[in-house]
Structures are given as C-alpha cells and as structure tokens.
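In: take a look and give me a structure for this.
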Amino acid sequence: MSIEVKNWIDKGGIEFLRKIGIERNDVVLDFGCGEGHYTIPLAKVVGESGKVYALDKDRYALGKLRETAERESLNNIEIIPAETRIPLKDNSVNVVLCYDVIHYEKNRERIYKEVYRVLHKDGLFSVYPKHYKDDYPLMELASLSLEDIIEEIEVVGFTLKKRMFLNCLHDDYMNECQILNFRK
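Out: Next up is the predicted model:
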C-alpha cells in the first residue's frame, strides 16, 4: 500500500467523505468499490451502527478489500460480488458512491435506475465521473461532456444539488476531482 493510500485511509478519506455529506449511522453502497480505497474510510465515518455495502465484479480486488477490513477490524462492511444489478432491497440505503466507474459501462442508465431503486427518498447519489471528454477521456465517457453526464443522470429522476471541487484518491494517487451530488 502506497503512503498516499495509507494517508487517505487513515485521515484524508474520512475528511473527504464528511465533506461530501456522509454521516455516522448512514447505510452506504460503494458501487464499483475495487480494493476499498473509499470503502474503508466510509466504514470509519458511518461507525459500528452504520453499514457499508462494497459492490464490485472484481473478486481479486474484493479479496484485498476483505484483508484490509480485517486488518482494520472493521465489521460493518458487507462485500457483494456483483456487476450492474444491485442485490439490495428498494429504498434500503442512504447514500450511493459511484466513483471513477461509469466510464466502464455502456448502459449507464441501467446503473442509475438501480441506484435510484435502492436509495431512500431524498437519498444522496455522489458521483465522481472521471474520464469524460474534458478529463482524460477514456472508454464510454470519452465523447461526453460533464453536462452530458449530469443530464443522463437527471433523466432517471435525480436532481443535481451540489458540485464540489476536492482532492480525492484516484487509483493510488491524489487527484483534483469534481464531485457531483444528486438527490433522489
């Protein structure tokens, strides 16, 4: 684990997540969690009475997340090996994080509808849309502007409430990022 990732997990990620609106006792879904660079600090912010669902299709990354959670003695994380279908009940979570993953998906509307389904009324959908047209274009977002991404999320029923420019962890290094917070 790099020093930047360690600092993020121990302090920076906790501060970041509080800034975007994560609170103690929240039930959060980290959609596309990877190795857990957001999942681990999420578990610390929501505390023992909160819950973090960590969903990803990469079983190797989920194994690394499990090891980190055990090393950190975090018992409020449930690991979910899945792709697009979210195996949670309707209206069952307060917050969904979708950070640096939507560029992999051709049918993003399916993800947005699933997120809408599992979020409580007025739930928070926080998106970090890395790799769109003006930010290191890649894969399915390469031809989309940030405004295009906002529009496709709002079409599903979400409302953009806040844009934040913050430093966040991207892969294993710190990066300036634009976070979009939507409400159901």
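
In: which residues of this protein score low on pLDDT?
Out: Scanning the chain with the threshold set as pLDDT under 70 gives 131-141.

In: where exactly do the strands run in it?
Out: 27-31, 51-56, 77-81, 93-99, 119-128, 159-170, 173-183 (DSSP state E).

In: got the angle for the last one vs strand 159-170?
Out: The directions of strand 173-183 and strand 159-170 differ by 160 degrees, with axes from the mean of the first three to the mean of the last three CA atoms, to 10 degrees as the criterion.

In: and strand 173-183, how far out from the chain middle?
Out: Remark: strand 173-183 is offset 10 Å from the chain centroid, using CA atoms, centre = their mean, to the nearest Å.

In: quickly list what S126 is bridged to.
Out: S126 forms beta bridges with L97, N181, as assigned by DSSP bridges.

In: ok, longest helix in the protein?
Out: As assigned by DSSP state H, the longest helix anywhere in the chain is helix 59-71.

In: rewinding a little: would JSON lines of the strands of the chain with mean neighbour count be doable?
Out: Using the backbone N, CA and C atoms, a C-beta is placed for each residue, glycine as well. Shown next, in JSON lines, are these (neighbours: other CB atoms under 10 Å):
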{"stretch": "strand 27-31", "mean neighbour count": "25"}
{"stretch": "strand 51-56", "mean neighbour count": "25"}
{"stretch": "strand 77-81", "mean neighbour count": "17"}
{"stretch": "strand 93-99", "mean neighbour count": "23"}
{"stretch": "strand 119-128", "mean neighbour count": "19"}
{"stretch": "strand 159-170", "mean neighbour count": "15"}
{"stretch": "strand 173-183", "mean neighbour count": "17"}
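
In: in the protein, what residue sits furthest out from the centroid?
Out: Most distant from the centre of the chain: S143, at 22.3 Å, with distances by CA atoms, centre = their mean.

In: from I149, how far off is that one?
Out: 11 Å (CB to CB, to the nearest Å).

In: which residues touch the residue nearest to the spatial centre of the chain?
Out: Nearest to the geometric centre of the chain sits L97, at 2.5 Å (CA atoms, centre = their mean). Each residue near L97 by CB atoms under 8 Å, 6 or more residues apart in numbering is listed here: V28, L29, D30, F31, Y38, L42, S126, Y128.

In: now do 10 Å
Out: Counting by CB atoms under 10 Å, 6 or more residues apart in numbering, L97 makes contact with 17, 20, 22, 28-33, 38-39, 42, 52, 115, 124-128, 179.

In: I'd guessed N76 sits against R24; true?
Out: No - applying CB atoms under 10 Å, one finds N76 not in contact with R24, separated by 11.2 Å.

In: which one's more surrounded, the two?
Out: N76 (17 against 11; other CB atoms under 10 Å).
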